[in-house]
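1. what shape does this take:
(2 chains)
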Amino acid sequence: MTFNRRALRHPSLAVGGVLTLLLILVALVSLFWTPWSAYLIDVPHRLLPPTEHHWLGTDPFGRDIVSLILVGAQNSIMVGVIAVGIGLGFGTTLGATAAAHRGWVEELVMRLSDFTFAFPAVLSAIMLTALLGPGIVNSIIAIGIFNVPVFARVTRASANAIWAREFVAAARAAGKGRLRITLEHVLPNILSQLIVQATIQFATAILAEAALSYLGLGTQPPQPSWGRMLYDAQTYLFQAPSLAVFPGVAIAVAVLGLNLLGDGLRDVLDPRLVRSR
Amino acid sequence: MSVFLLKRFATFIATLIGASIVIFLVLEILPGNAAQTMLGPDATPETVAALAHKLGLDRPPVARYLEWVGGMLTGHLGNSYAYNSPVSELIVERLQVTVPLALMSMLLTTVIALSLGVYAAARHNRIGDVSVMGVSQIGIAIPNFWFAIMLILFFAVRLKWFSAGGFPGWGAGAWLALKSLMLPSVALAVVQAAILARITRSAVLDVLREDFVRTARAKGLSRTAALWRHVLRNALIPVVTIMGLQFSNLLAGTIVVENVFYLPGLGRLIFQSISNRDVIVVRDVVMFLAAMVVVTNFVVDMLYAAIDPRLKAHDI
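-> Numbers count the residues shown, from 1 in each chain, chains lettered A, B, ... in the order given. The predicted structure follows:
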């Protein structure tokens, strides 16, 4: 069966793909249009329930919830892209180097990544942002650092399998160096595993950023962020309970979409896994 | 002692030393220094210098590092600047909330995950399995702090069965104290259980395909009896390992969820210390939490080796 046919028949890939597209679409639309400005403070109309003008109501500053959620999607995507980019860039380089050189280089890279795993990512992000100062940049760096060992491990494991293949032996016999073999043969062959991991790490990054922003260490006001919205909502749980519902739904839908997409891609790109289940 | 145990022990010690060096270095490369961070940007240079001297920051870094590590080994951590009391006392006091919370959520996680995982595996590819997997997929996507807020909204604001936060202390009676930890432990457990249920399911499915299960069934054992007597015991090995590895997630979750419920545990302590710019407490509590994770991973490795002797034999 071709890739496209398998993709269309796979329910989690289809649902995940639609939800992820929705997230991207929402972020793109919010660049050009939102029902109200997400920065417009309108205190007389604060904490409104859902109305004809404000579909999901307004926050404690009178800002429109729909507009905040739409613009918040931009924030989540930006954090995901940069944090995964940091992990992918550094992690893949480290993992590919480890697989190409083996021996002590591999041992060093793997022990370093084991070591990073000893720190709970959110705890380390809290420490880093606490010491370097709260803010979106520091929280992205903190989340990105903890993606590095994840990609290093995946790359090394997949690359080792490719290095054992006959076509790599042929390339070596033809006189190609380690770097050239890595770029021409290894990386293209492990691309699918990296894409799957990137999708899952993207979801993790969105969750981590939301937690940091909820604690006041991530995105700072007035920049809209789903985590920050939940922090603001908690103070008004008794007056405006619905405030706490929508940003959480937005986070859950975004993460669910990316996780389903990652699972689906893994099944479709590696059909052996499906058969063994 | 086998090579496996020696290797694991060496890694364990090296990770602890590495963690302490990293935490120490992060504080060293702080913009300004710890004294400046504590006093804030408006402090005069004289005040900063005086506090730096009091904290010993004017001494060589290696000497300070060795003194800090020596202090930790003998149980003498630094002094909190904001609370004016030893950090070790603060940690012991806050553990009275964090440890019961972690244990309660671990217990809930195990009960939910094992029952759902075994149920899904037993109904493989049928409606029950698909539903459990669907629900667990949603469980993984939900941020635990949001789920915590939803629990407050429903059980505290609407039904008024629980308080919206706070901890009365163990002095107020075990029931009241446990009651205040119930919603937080449910919030923590649901996400963990969603992950563990999926792992239990696939572990049970793997064991179900083994020859000894077929033999047991051929000898006349019912499907349920084979499942409980033979399959679950063998499937538990990977499940226990993952539970150990989930411990670091649980700790991280505890930090966030304690803040949602205003529980005076370690998570709240670290967060308050960040607000108070109490760098010494942040350093020591982070080191303490990292050490807890490293120790747990080491214990899980040891348990794993004890449960599965093949590991020791292969000396991986």
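2. all contacts plus neighbour counts: C-alpha atoms, from now on.
-> Fine.
3. quick one: contacts for the nearest residue to residue A:147 once chain neighbours are set aside?
-> Computed as CA to CA, 6 or more residues apart in numbering or on different chains, the closest residue to residue A:147 that is not its neighbour in sequence is residue A:87, at 4.3 Å. Counting by CA atoms under 8 Å, 6 or more residues apart in numbering or on different chains, residue A:87 touches A:144-151.
4. then residue A:9?
-> With CA under 8 Å, 6+ apart as the criterion, no residue contacts residue A:9.
5. and residue B:244, how many neighbours does it have?
-> By the criterion of other CA atoms under 10 Å in any protein chain shown, residue B:244 has 20 neighbours.
6. please work out how many residues are found near residue 13.
-> Went with chain A since none was named. Residues near residue A:13, counting by other CA under 10 Å: 25.
7. oops, wrong one, chain B.
-> Using other CA under 10 Å, residue B:13 has 14 neighbouring residues.
8. for the helix or strand hosting it, give the mean pLDDT please.
-> Remark: residue B:13 resides in helix B:3-28, with elements defined by DSSP states H and E. Average pLDDT, helix B:3-28: 84.
9. ok, back up a step: possible to save the contacts of residue A:87 as JSON lines with secondary structure, pLDDT and distance to residue A:5?
-> Compiled in JSON lines, the contacts of residue A:87 are given as follows (DSSP: H, G, I helix; E, B strand; the rest coil; pLDDT from 0 to 100; distance: CA to CA, whole Å):
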{"residue": "A:144", "secondary structure": "helix", "pLDDT": "91", "distance to residue A:5": "35"}
{"residue": "A:145", "secondary structure": "helix", "pLDDT": "87", "distance to residue A:5": "37"}
{"residue": "A:146", "secondary structure": "coil", "pLDDT": "85", "distance to residue A:5": "36"}
{"residue": "A:147", "secondary structure": "coil", "pLDDT": "89", "distance to residue A:5": "32"}
{"residue": "A:148", "secondary structure": "helix", "pLDDT": "91", "distance to residue A:5": "34"}
{"residue": "A:149", "secondary structure": "helix", "pLDDT": "89", "distance to residue A:5": "34"}
{"residue": "A:150", "secondary structure": "helix", "pLDDT": "89", "distance to residue A:5": "31"}
{"residue": "A:151", "secondary structure": "helix", "pLDDT": "93", "distance to residue A:5": "29"}
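10. now render the residues you listed as CSV, adding neighbour count.
-> Output for those, formatted as CSV (neighbours: other CA atoms under 10 Å in any protein chain shown):
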residue, neighbour count
A:144, 26
A:145, 21
A:146, 26
A:147, 30
A:148, 25
A:149, 27
A:150, 22
A:151, 29
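11. what parts of chain A come near chain B?
-> A:115, A:118-123, A:127, A:130-132, A:207, A:211, A:215, A:230, A:234, A:237-238, A:241, A:244-245, A:248, A:251-253, A:255-256, A:259-260 (CA under 8 Å from any CA of the partner chain).
12. so which of these sit within helices?
-> Taking DSSP state H as the definition of helices, the residues of chain A next to chain B contribute A:115, A:121-123, A:127, A:130-132, A:207, A:211, A:230, A:234, A:245, A:248, A:251-253, A:255-256, A:259-260.
13. tell me the spacing between residue A:48 and residue A:84.
-> Per CA to CA, to the nearest Å, residue A:48 is found 37 Å from residue A:84.
14. these two - which one has more neighbours?
-> Shown here are residue A:48 and residue A:84; by other CA under 10 Å, residue A:84 has more neighbours (29 against 22).
15. from residue A:144, how far off is that one?
-> Taking CA to CA as the measure, residue A:84 falls 6 Å from residue A:144.
16. the residue nearest to residue A:147: what secondary structure?
-> Using DSSP: H, G, I helix; E, B strand; the rest coil, the structure places residue A:87 in helix.
17. what separation do you get for it and residue A:237?
-> 37 Å.
18. can I get stretch B:39-55 as CSV, trimmed to CA atoms?
-> C-alpha atoms of stretch B:39-55 as CSV (Å, rounded to 0.1, in the frame of the first residue of the first chain):
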residue,chain,number,x,y,z
LEU,B,39,19.1,42.1,47.1
GLY,B,40,17.7,43.2,43.7
PRO,B,41,18.9,45.8,41.3
ASP,B,42,18.4,48.7,43.6
ALA,B,43,20.8,47.6,46.3
THR,B,44,23.9,49.7,46.9
PRO,B,45,27.3,48.2,46.1
GLU,B,46,28.3,48.3,49.8
THR,B,47,25.2,46.3,50.8
VAL,B,48,25.9,43.8,48.0
ALA,B,49,29.6,43.5,49.1
ALA,B,50,28.5,43.0,52.7
LEU,B,51,26.1,40.2,51.9
ALA,B,52,28.6,38.6,49.5
HIS,B,53,31.1,38.5,52.3
LYS,B,54,28.6,37.1,54.7
LEU,B,55,27.7,34.3,52.2
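19. buried sites along it?
-> For stretch B:39-55, a neighbour-count test (16 or more other CA atoms under 10 Å in any protein chain shown) marks B:39, B:48, B:51-52, B:55 as buried.
20. nearest residue to residue 239 in space, please, no chain neighbours.
-> You didn't pick a chain, so chain A it is. Per CA to CA, 6+ apart, closest to residue A:239 is residue A:47, 8.0 Å.
21. chain B is the one I meant
-> In space, residue B:239 is closest to residue B:200, 6.0 Å off (CA to CA, 6+ apart).
22. now that neighbour: which helix or strand?
-> Using DSSP H and E, residue B:200 sits within helix B:174-208.
23. buried ones in that helix?
-> Those would be B:177-178, B:180-181, B:183-208, for helix B:174-208 by 16+ other CA under 10 Å.
24. how about the residues of the stretch 101-250 of chain B near chain A?
-> B:137-138, B:140-143, B:145-146, B:149-150, B:153, B:157, B:248-249.
25. those: which two are farthest apart?
-> Checking those against each other with CA to CA, the farthest-apart pair comes out as B:157 and B:248, at 31.0 Å.
26. looking at those two, which is more packed in?
-> A direct count of neighbours by other CA under 10 Å for residue B:157 and residue B:248 places residue B:248 higher, at 25 against 17.
27. okay, residue B:297 and residue B:20: tell me how far apart.
-> 17 Å.
28. low pLDDT regions in the chain?
-> All of this is about chain A. Applying pLDDT under 70 to chain A flags residues A:1-3, A:6-8, A:118-121, A:130, A:270-277.
29. wait, chain B was what I had in mind.
-> Across chain B (using pLDDT under 70), the flagged ranges come out as B:1, B:29-33, B:307-316.
30. find the residue at the geometric middle of it.
-> In chain B, the residue lying closest to the centroid (CA atoms, centre = their mean) is residue B:251, at 2.6 Å.
31. and chain A, by the same measure?
-> By CA atoms, centre = their mean, chain A has its centre lying nearest to residue A:202, at 1.4 Å.
32. which residue packs closest to that one, ignoring adjacent ones?
-> Nearest to residue A:202 is residue A:80, by CA to CA, 6+ apart, at 4.9 Å.
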